[in-house]
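Asks: Predicted model follows, preceded by the sequence.
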Amino acid sequence: MNLFSDDQRAADLRRLLKHYAHQYYVLDAPTIPDAEYDRLFRELQDLEREHPALQTPDSPTLRVGGQPLAQFDSVTHAVPMLSLNNAFSDMDAELPQTRHAELIQFDERIVRELDGAVVDYAVEPKFDGLAVSLIYEHGVLTLAATRGDGVSGENVTANIRTVASIPLRLNVEPAPALLEVRGEVLMLKKDFEALNASQAGRGDKTFANPRNAAAGSLRQLDSRITAARRLSFFAYAIARIDGAPWPLTHRDEMDWLERLGLPVADADLRPVVTGAEGLIAYYEGVMARRAALPYDIDGVVYKVDRRDWQERLGFVSRAPRFAIAHKFPAEEALTVVEAIEEQVGRTGAVTPVARLRAVAVGGVVVTNATLHNEDEVRRKDVRVGDTVIVRRAGDVIPEVVSVVLERRALAADGQPLAAAYRLPGVCPVCGSHVLREEGEAIARCSGGFACRAQRSQAIQHFAGRRMMDIDGLGERYVDNLVALDYVRGVADLYRLTLDDLLEMKRRADERDGVTPETVKQGQVATRWAENLLAGIEASRQPPLERLLFALGIRHVGESTAKTLADSLGRLSLIRRAPAAVLATLPDIGVVVARSLAEFFAEASNVEALDQLLLFVSPCDEHDPAPGLAGKLTVAALLARLGVPRLTEVRSQQLAERVAGITALADLDRRAVLDLGLPAEVVNALADWLDEAGRRAALHALGDYLDELLSQVDPDAVAAPLPLDGKTLVLTGTLPTLSRDQARALIEAAGGKVAGSVSKKTHYLVAGEAAGSKLDRAVELGVAVLDESALLAMLSPPVAEGE
DNA sequence: CTCCCTCGAGTTCT
DNA sequence: CTCGAGGGAG
């Protein structure tokens, strides 16, 4: 046989196999016996093995999977994979007319936007699976990627090729040069049950629901495993077409995809309906059919059918306005509260948690549900022994909806057996007092670092991925390190040796009654310990903002930490900063500023930080931000000192009358009263100044300012940022920049990005399909920029000639 | 002083 | 994901 006839034969086999597979998997009507199919398949496999050049990217032999990958490559989506807005508030209201009211409002809004047109909606089930994007080049499947964060996902082409119902080559000649299809990978209910049965038979772990099974199967690095799982796919949109006209309606789009050989929902499940009544009827109809469908759905989707209207409606922030998800109400289940226990969080927050008799809700078995706080428990009146309705809020977090009072156990006198819940007065972990601030919902353990729970969680927080990012330091290990006293403060992590870790592990195992006497387990322990030490070592030069975040200061999260690091630049300046200075920084007010100042004033924190700095130093310290000098005005500081009656305006007036902070500290009572301000203001100020320690604190503030300003790089001051002090708002889709990129550029240029247009907005940056923000900007007379105008502004202003 | 938005913190299960 | 609290705008 020569290569030419092999080539012919391979092509024939591919065509035949594709045809039979389509009959079998897509049309569900096999036309030849399985054995015959297998014979043809093996013949093609043999041919390709003999002549690897004969294997084409659409060969059915790829369906059985190939060599495992080391990891998935990242793929950037040319068209972002947006999620749909779920515009309907929780369907708590069981009243049908309430549900309908929201649908009617949705329809009315769309009709209004389209100037009163009669709107047809293409409606379809919302598959409960994983969104993927498929790219066909000249008809051949060349790339498949997961949704990821919507901007970029993972390359899962090898796995997707094993999904039988996905065509490797489109059924059309000539094929469009490029077609990008969006759809959902899922597992049919029957395939899920079969998979779990076989997993259980082999003693492997079973999956909680079809969605998890599909996710677990698609994310296999070894595509042969994926091939052994039965995944399905349904297309629901086209993202890009090149070389073929875009169908004029969504319905046409789906019909066309079906003709190309792509699986789409059954035609009777995706009708085109008109008006709110059509939507209502469809929603109710699908809900009734839900259980009988071969796959799980979590709602339905409504899309404006006409493409030109879709474009007219455009996008709001990250979601299209022409399409909307209407989720079914969360599934609910009845179970019994076996106990109410308290958890202690990193900040000492004591949270009641309901321990529930295990119950399946929405595909997973739930045993715990947070009760949030004492008031919440009392409001719902949850008591031990009660039968409660549980659901998964947003289909994720378990939540106790309400108590079934009729089922409450009563004593002979008709009183409930169990008492109303009360939060304990002492910490369940350390026994310290539990205190609840006036007006706050949350009670806190006062034990601080002395409380083992808080210590342990502070260390977990420190090691977390967005903080110091220490690999190998999971919850269980931290708990053990803390419980067995190998680690008291975060600095102790850096003193751990291999021997310490192995000894700790041994003692923990002993305590738990585990006997890891096999050699292999010893090796595992050593590997873990070495891995952890390497992770700790690698964390010694963190960016300053991560170190700050890692310290776990109350009210200081990722964003506040970044503000501090950007503005002050050095830990030595941040840790000594007076609260008044901190409170002048953007988005830091008096509460956060005080929290910071108190943290750094506390001796035990200072000690712990100094210890930590023996091992760790920030890698990116820099001079304080040049813009700081302009913002740290005497007036701004005065307004943030916490002097009663000293408002912003009065601070301004006062600042004009004193030479500076230090000068104010040195004024005696008489001089203060002579300042020429309203009597009530100067009286309050004089009294305030006379309180113990005030003048010393002001001197310290003055000294700190001198020091801080001496460190501001004078050259940087000379080059003001182009958008300094400007507030911008982004709307619509920019031609080349993503929202995050645009934001980063604006911030780098000293500007601020706000969420909504107001009088104080300096510029609105509008892209394609700008929405209501543009209207509002025009209304308020706010300048509107397009992307190129924005980019032009970002380059530093050109000095004008003398 | 009151709204609105963003940030922080807590939480579940695989 | 959801709640509560803080910050800033009106």
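Replies: Okay, I see it.
Asks: quick one: secondary structure of the residue in the stretch 201-350 of chain A positioned nearest to DNA strand C?
Replies: DNA strand C sits closest to A:Ala330 of the stretch 201-350 of chain A, with a gap of 9.1 Å, by Cβ to the nearest atom of the strand. All C-beta spots, glycine's among them, are computed from the backbone N, C-alpha and C. What DSSP: H, G, I helix; E, B strand; the rest coil gives for A:Ala330 is coil.
Asks: Just the local confidence number for it, please.
Replies: At A:Ala330 the predicted local distance difference test score is 74.
Asks: Chain neighbours aside, what residue packs nearest to it?
Replies: Spatial nearest neighbour of A:Ala330, chain neighbours left out: A:Arg391 (4.4 Å); criterion: Cβ to Cβ, 6 or more residues apart in numbering.
Asks: So what pairs up with that neighbour in the strands?
Replies: Counting by DSSP bridges, A:Arg391 forms beta bridges with A:Glu332, A:Glu399.
Asks: In this model A:Ile397 seems to touch it, though I could be wrong.
Replies: No. Taking Cβ atoms under 8 Å as the definition, A:Arg391 is not a contact partner of A:Ile397, at 9.7 Å.
Asks: So those two - more neighbours on which side?
Replies: The residue with more neighbours, out of A:Arg391 and A:Ile397 and counting by other Cβ atoms under 10 Å, is A:Arg391; that gives 20 against 11.
Asks: DNA strand C versus the more buried one, what's the distance?
Replies: Separation of A:Arg391 from DNA strand C (Cβ to the nearest atom of the strand, to the nearest Å): 11 Å.
Asks: which ones are touching that residue?
Replies: The neighbourhood of A:Arg391, defined by Cβ atoms under 8 Å, 6 or more residues apart in numbering, consists of A:Ala330, A:Glu331, A:Glu332, A:Ala333, A:Val361, A:Gly362, A:Pro398, A:Glu399, A:Val401.
Asks: what's A:Ala144 sitting at in phi/psi?
Replies: Here is the backbone geometry of A:Ala144 (degrees, to the nearest 10): phi -130, psi 130.
Asks: so who does it touch?
Replies: For A:Ala144, the set of contacting residues under the criterion of Cβ under 8 Å, 6+ apart consists of A:Val132, A:Ser133, A:Leu134, A:Ile135, A:Asn155, A:Val156, A:Thr157, A:Asn159, A:Ile160, A:Arg161.
Asks: Chain neighbours aside, what residue packs nearest to the residue in the stretch 451-600 of chain A that DNA strand B sits nearest to?
Replies: Using Cβ to the nearest atom of the strand, A:Gly557 is the residue of the stretch 451-600 of chain A that sits closest to DNA strand B, at 2.3 Å. If you skip the residues right next to it in sequence, A:Gly557 has A:Phe549 as its closest partner in space, 6.6 Å away by Cβ to Cβ, 6+ apart.
Asks: So which elements touch the helix or strand that that neighbour is a member of?
Replies: Here A:Phe549, judged by DSSP states H and E, is contained in helix A:544-550. Taking 3 or more Cβ pairs under 8 Å, 6 or more residues apart in numbering; DSSP states H and E as contact, the helices and strands that helix A:544-550 lies on are helix A:558-568, helix A:571-576.
Asks: With only the CA atoms kept, save the longest one in PDB.
Replies: The C-alpha trace of helix A:558-568 is given here as PDB (Å, rounded to 0.1, in the frame of the first residue of the first chain):
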ATOM      1  CA  GLU A 558      -5.900  44.500  50.500                       C
ATOM      2  CA  SER A 559      -7.000  47.800  49.300                       C
ATOM      3  CA  THR A 560      -6.200  49.900  52.400                       C
ATOM      4  CA  ALA A 561      -2.800  48.200  52.600                       C
ATOM      5  CA  LYS A 562      -2.100  49.300  49.000                       C
ATOM      6  CA  THR A 563      -3.100  52.800  49.700                       C
ATOM      7  CA  LEU A 564      -0.700  52.900  52.700                       C
ATOM      8  CA  ALA A 565       2.200  51.400  50.800                       C
ATOM      9  CA  ASP A 566       1.700  53.600  47.700                       C
ATOM     10  CA  SER A 567       1.400  56.800  49.700                       C
ATOM     11  CA  LEU A 568       3.900  56.500  52.500                       C
END
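Asks: The residue nearest to A:Gly557 contacts A:Val556, doesn't it?
Replies: Yes. A:Phe549 is within contact range of A:Val556, at 6.8 Å (criterion: Cβ under 8 Å).
Asks: the more surrounded of these two?
Replies: Between A:Phe549 and A:Val556, A:Phe549 has the larger neighbour count (other Cβ under 10 Å), namely 26 against 19.
Asks: contacting residues around the more buried one?
Replies: A:Phe549 is in contact with A:Arg466, A:Met467, A:Val556, A:Gly557, A:Glu558, A:Ala561, counting by Cβ under 8 Å, 6+ apart.
Asks: coming back round to it: surely the residue of the stretch 201-350 of chain A closest to DNA strand C and A:Val366 touch.
Replies: No. Contact between A:Ala330 and A:Val366 fails when scored by Cβ under 8 Å: they sit 12.0 Å apart.
Asks: Give me the common contacts of these two.
Replies: Shared contacts of A:Ala330 and A:Val366, defined by Cβ under 8 Å, 6+ apart, are found at A:Arg392.
Asks: what's the neighbour count on the residue in the stretch 601-750 of chain A that DNA strand C sits nearest to?
Replies: Nearest residue of the stretch 601-750 of chain A to DNA strand C (Cβ to the nearest atom of the strand) works out as A:Thr727 at 6.8 Å. If you count neighbours by other Cβ under 10 Å, A:Thr727 ends up with 17.
Asks: Beta-bridge partners for it, please?
Replies: A:Lys752.
Asks: what's the spacing between the residue of the stretch 551-700 of chain A found nearest DNA strand C and A:Met287?
Replies: Minimum separation of the stretch 551-700 of chain A from DNA strand C (Cβ to the nearest atom of the strand) falls at A:Gly589, amounting to 2.6 Å. According to Cβ to Cβ, to the nearest Å, A:Gly589 stands 47 Å off from A:Met287.
Asks: A:Gln541 now?
Replies: From A:Gln541 over to A:Met287 (counting by Cβ to Cβ), the distance is 56 Å.
Asks: A:Asp128 reaches A:Leu186, doesn't it?
Replies: Yes. Counting by Cβ under 8 Å, A:Leu186 is a contact partner of A:Asp128 at 6.7 Å.
Asks: what about the two, which has more around it?
Replies: The neighbour comparison of A:Asp128 against A:Leu186 (other Cβ under 10 Å) goes to A:Leu186, with 26 against 20.
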